[in-house]
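Undergrad: What follows is a predicted protein model with its sequence.
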2 protein chains.
Amino acid sequence: MEKLAQDEKQPIYHEIEESLSEESIDRFRAEFLDMHPYDQSECFEALAEEKRHLVYSYLSPEEMADVIEHVDEDIVGDFIVEMNPTYAAEVLAEVATDDAVDILNDLDKDKVASYLTIMSDEAADEIKDLLHYEEKTAGSIMTTEFVVVTTDMTVKQAMRHLRKAAPDAETIYYIYVVDLDRRLVGVISLRDLIIAEGDLTIKDLMSERIVSVSVGDHQEDVAQMVRDYDFLALPVVDFQNHLLGIITVDDIMDVMEEEANEDYSKLAGVDIDANELNPFVSAKKRLPWLIILLFLGMFTASIIARFEATLDQVALLAIFIPLIAGMAGNTGTQALAVAVRGIATGEFQKQGIPKIIAREATTGLITGLTCGLAIWGIIYVWQGTFFLGFLVGVSITATLFVATISGALVPLLMNHFKVDPAVASGPFITTINDIISVLIYFGMATAFMQFLI
Amino acid sequence: MEKLAQDEKQPIYHEIEESLSEESIDRFRAEFLDMHPYDQSECFEALAEEKRHLVYSYLSPEEMADVIEHVDEDIVGDFIVEMNPTYAAEVLAEVATDDAVDILNDLDKDKVASYLTIMSDEAADEIKDLLHYEEKTAGSIMTTEFVVVTTDMTVKQAMRHLRKAAPDAETIYYIYVVDLDRRLVGVISLRDLIIAEGDLTIKDLMSERIVSVSVGDHQEDVAQMVRDYDFLALPVVDFQNHLLGIITVDDIMDVMEEEANEDYSKLAGVDIDANELNPFVSAKKRLPWLIILLFLGMFTASIIARFEATLDQVALLAIFIPLIAGMAGNTGTQALAVAVRGIATGEFQKQGIPKIIAREATTGLITGLTCGLAIWGIIYVWQGTFFLGFLVGVSITATLFVATISGALVPLLMNHFKVDPAVASGPFITTINDIISVLIYFGMATAFMQFLI
C-alpha cells in the first residue's frame, strides 16, 4: 500500500466491512490495524452502527484511541456516547489529552463527570486541568504530554530520559528545559541533541532564546506565531513563566483551518457545513441571516417609500436601483475583506485607524470617480439624457466613497472595542451600504427633480 | 528575551538601527544575530535602503540567507535585486532550495540566469531541477535537502549518517528509506530510531506503509493530506516511485494560508493585500470587479427598463427591488460558499452533483417559503394591501429557490469542467441572482397587473 488515493482505499474499506459481517476478528484486526490511523477513522466513520459496536469489542481502548483522534470533530462525540461507559472512559484516557478535552467540551456535563470518575486518577487529573481553559485560548489547545529536562543533565542522561519518555510524549523533537520550580529556562532541539557530544550538559547546549505563549493567548495569535517562526511546537507558560504545556504543529494546522473557515463563513453570512446532508438542517443554518436581511431590506424599502412622490414623477429612476445598491454592496465587501485580513495579520494594528481610513477614503474616491464617469458616459449614449446619467454617475461616486469607508470602518471599530471584526459579516455590510446608496441616490434625485423632468 | 511581544521588540529594533547609524559592526552583529531569524527579518524589513546596504556588508551570505528565508514573499525579490549580484547569488545558494526557487520565480528571467551562473554548480543544479515544476504543484513546494538511508544500514550506521547530514537537511525527523534505484521503499521516524537497539537494521524497523504524493499533485491536495495524517513531512515521488524531494510542514502552513486567502479573496471579489499602502494601487486591484459589475448592473437596468410600463402604473413596486435583489444575492453567496468549501474538502465529490442539487433545491424551497410567508405578513400589516404582499412573497420564494440552486450549480459545473470553482466569486453570483430576481419579480408583476391596480 504505497499511496492511498481514494479509489484505491474503497476496496480495502469494503473488505474490512466484509470481515465485520463475517464477525472474523482476526481478519478485521489484520487489515484494519495495517492502515494509517487517519484511514482507519475514515473507514470507521462509514460503518453502520451495529458494525461500529463490533469494532468496539474487537479493538483495545488504546487502538480505538488512535482512531478516535482522527475522527471528524463534529461527530466524534456521538461515537463516544454510543460506547459502553467503561470502554469510553478507557478510550478517552488513551487519547491525547488536548483531543480528549475537545471531545469532552462538546458533551453533557453529567456524562463528562461520569467518564472522569471511571477513568484512572492520573488521566482524569490531566484532563481536569485542561477543562478549565476557555475555548480558543492557548490553554484549550495545548497538551500536557511533553518532555522536560533540567539544566544539569548531560547529553547522555537527557537522551536516556528521552528514550523512556518518547512513547507517551506528543513530540520529542523539541525538549524544554526547566529549573527546579518548573520555570521555563531554555529549549533544545533533538537535532542539536543528537549531534552533540555525550558529556556536555544541557546548560551548555540549550538556547535561552525561547519564544513562548501565555495560557490565555488567543489561538489565532498562537497559530500566526508558529507560522512566522516555523516552529514544530510552542511552549505555553503562565504569568510566572511556569511551563504548563505545549502546542504542536498538527493542532496549529487545525486552528488555521478553523479560523479560515470562520472568516469565510462570516463573509458569506452562513455557518458552513459541507458535510450536512439534511436540507432542513441546512435551511436552519442559513435562515438567521436571511431573516435579518429581510428586516433590513424592509427598512430599505421604507426609505424608498418616502421618495414615492419622486418615483411617481420619474419611474425611470427605479431601473438603476440594483446597479447602485449592488456596487455599493460589493465595494463595501471588498473594503471589509481587506480590513478583516489586515486585522488578522496584524498589519492594520501597526498602521493605526486614521491612516487606514484616509487611505480607504482615497481608494473609494478613485474607484468612485472612475465608475461614476463610466456610467455617465454609458447612460448618455444609451438613454440620450444628459442629466439622468449625471445623477446616477454622481450617486455612484458618492456611494462608492462612503461604502468603501464604512466597509473598513465597521470592522476597525469592532476590533477597537474588542469585538471580533469578522462578525461584521458580508451581508451586514452589504445591506448597510444598500441603505446608504438608496439614501444618496433618491436624496439627490429629489433635490434636483426640476432637471429630471 | 523570553517572549517577543511587539512592544518589547521595538526598543531592540531601535537599538539595532542605532548601531547601523553609528556603523558599529560589532554591536550590530551582537544584537542582530541574537534574535530569531523571523525577528531579524521583521527588523530588517523596516530599515531604510542605505542601512540595508550596510547589513549586506556586515552579514555573511549564510547569515543573510536566514533573514531572507523569513522575509515577506511579496518584497523579498526587491531585496535580492538591490544586493550586488555576487552576494545575491551566494545568499540564494544558502537559502533552502524551495525558498530560493520561490524567489527566483518572481524575478526577471535574465536576472535568474546570471545568478545561476555566478552560483556554485551544485547549488545551481539543485535550483534548476526545481525551477521546471509548475507553480502550485507538489514539485514547486518541495525541497531536495532531505536525508535518505538504505535498508541494509544498521541503526548505529544510520544515526552516524544522520549526524553528518543533519546541518544541511530541512528535517531529520523523518528519514526516508530508498533502494539502489532511489525508489522509495520505507520511512522511519527519528523517534523510532533513537528508541531502537543499535544492531537492528533499517529493514527491520522501517514502516512500509508510506504515504507519498506525486510531483504534479496540486499543493492544496498535499496540504489536505498533511493535515489529515498529521505528518511533519511528506515524500514526493515521480510515476516510477523515485524519491524526488520532501515537503515539510512549515511550507504546508504557508500553502494553507495562501489557499485560504485565495478563497476569501474570490468571495469578496478583490485581490486582498492588507499590506498595500498606496491608494492608487488599492483602487487598481478593486476596479476590475467593480467595472464588470457596472456592466452587469447596466444589463439588470436594461431588463427593468423593459418593464417601464409596469413601473409607471405601480411605482410602489420599485421599493422592494433592493430587498428582493439583496436576498437573492445573499442566498446565492451562502450556497456558493458551502459548495466551494465542499469541493475543497472533497465532501462534494463523494456525493455527486444530482444529489447535492436536490438537497440545495430543497434547502432553497424551505428558506424561500419561510421568508416569503414572513414578508407577505409584514407587507400586509404595513401597507394593508393583500396582493402586493402576496406578489413580493411569491417572488421571494421563487427567487430564493432559483438563487440557491444557481449558487451551488455554478461552482459545481466549473469544477466538473476543471475550472477552479472559486473563480465563481461572490460578486458574480450576486449579480447573476440580481438579474434572476428582477426577471421573476417584474415578470410576475406584469402578468398579474390587473390585481395590483
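TA: Looks like it came in fine.
Undergrad: any idea how chain A splits into domains?
TA: The record's domain parsing of chain A by automatic domain parsing lists A:6-136, A:148-250, A:279-452.
Undergrad: Go ahead and measure how far stretch A:365-377 is from the middle of the chain.
TA: Distance, stretch centre to chain centre, for stretch A:365-377: 37 Å (CA atoms, centre = their mean, to the nearest Å).
Undergrad: ditto for stretch A:211-227
TA: Centre-to-centre, stretch A:211-227 and its host chain are 14 Å apart (CA atoms, centre = their mean).
Undergrad: Could you look over the domains of chain A and pick the most buried one?
TA: domain A:279-452 (a mean of 21; mean count of other CB atoms under 10 Å in any protein chain shown). In short, each C-beta sits where N, CA and C put it, glycine included.
Undergrad: what's the residue lying closest to A:Tyr173 once chain neighbours are set aside in contact with, if anything?
TA: Excluding the flanking residues, the one nearest A:Tyr173 by CB to CB, 6 or more residues apart in numbering or on different chains is A:Leu190, at 4.8 Å. With contact taken as CB atoms under 8 Å, 6 or more residues apart in numbering or on different chains, A:Leu190 is in contact with A:162, A:172-175, B:173, B:190, B:194.
Undergrad: now do A:Val95
TA: A:65, A:68-69, A:103.
Undergrad: go again using 6 Å as the cut-off
TA: Neighbouring residues of A:Val95 by CB atoms under 6 Å, 6 or more residues apart in numbering or on different chains: A:65, A:68-69.
Undergrad: on that earlier part again, looking at the contacts of A:Leu190, which are in helices?
TA: Among these, DSSP state H puts A:162, B:190, B:194 in helices.
Undergrad: And the closest residue to the last one other than its chain neighbours, how close does it get to A:Gln157?
TA: It stands for B:Ile194. Nearest non-adjacent residue to B:Ile194, counting by CB to CB, 6+ apart: A:Arg163, 6.1 Å away. Look at A:Arg163 and A:Gln157: by CB to CB, to the nearest Å, they are 11 Å apart.
Undergrad: same check, this time on A:Lys51
TA: From A:Lys51 across to A:Gln157, the span is 49 Å (CB to CB).
Undergrad: Grab the nearest non-local neighbour of the most centrally placed residue in chain A.
TA: Residue closest to the average C-alpha location in chain A (CA atoms, centre = their mean): A:Glu259, at 1.8 Å. Sequence neighbours aside, A:Glu220 is the residue nearest to A:Glu259 in space, at 5.2 Å (criterion: CB to CB, 6+ apart).
Undergrad: before we move on, back to that, the residue nearest to B:Ile194 against B:Ile195, yeah?
TA: Yes - with contacts defined as CB atoms under 6 Å, A:Arg163 counts as touching B:Ile195 at a distance of 5.3 Å.
Undergrad: tell me which strands and helices the strand or helix carrying A:Lys111 is in contact with?
TA: Per DSSP states H and E: A:Lys111 is located in helix A:109-118. The contact analysis (3 or more CB pairs under 6 Å, 6 or more residues apart in numbering or on different chains; DSSP states H and E) places helix A:109-118 against helix A:85-94.
Undergrad: how far is the helix it packs on from where the chain is centred?
TA: The answer for helix A:85-94 is 28 Å, by CA atoms, centre = their mean.
Undergrad: Average pLDDT for it, rounded please.
TA: Average pLDDT, helix A:85-94: 92.
Undergrad: same deal with stretch A:398-417?
TA: 89.
Undergrad: any residue of it up close to chain B?
TA: No - Stretch A:398-417 stays out of contact with chain B when judged by CB under 6 Å from any CB of the partner chain, the minimum separation being 7.6 Å.
Undergrad: related to what we said a few turns ago, want to throw the domains of chain A into a markdown table with distance to B:Lys266?
TA: Below are these laid out as a markdown table (distance: least, CB to CB, whole Å):
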| stretch | distance to B:Lys266 |
| --- | --- |
| domain A:6-136 | 25 |
| domain A:148-250 | 22 |
| domain A:279-452 | 10 |
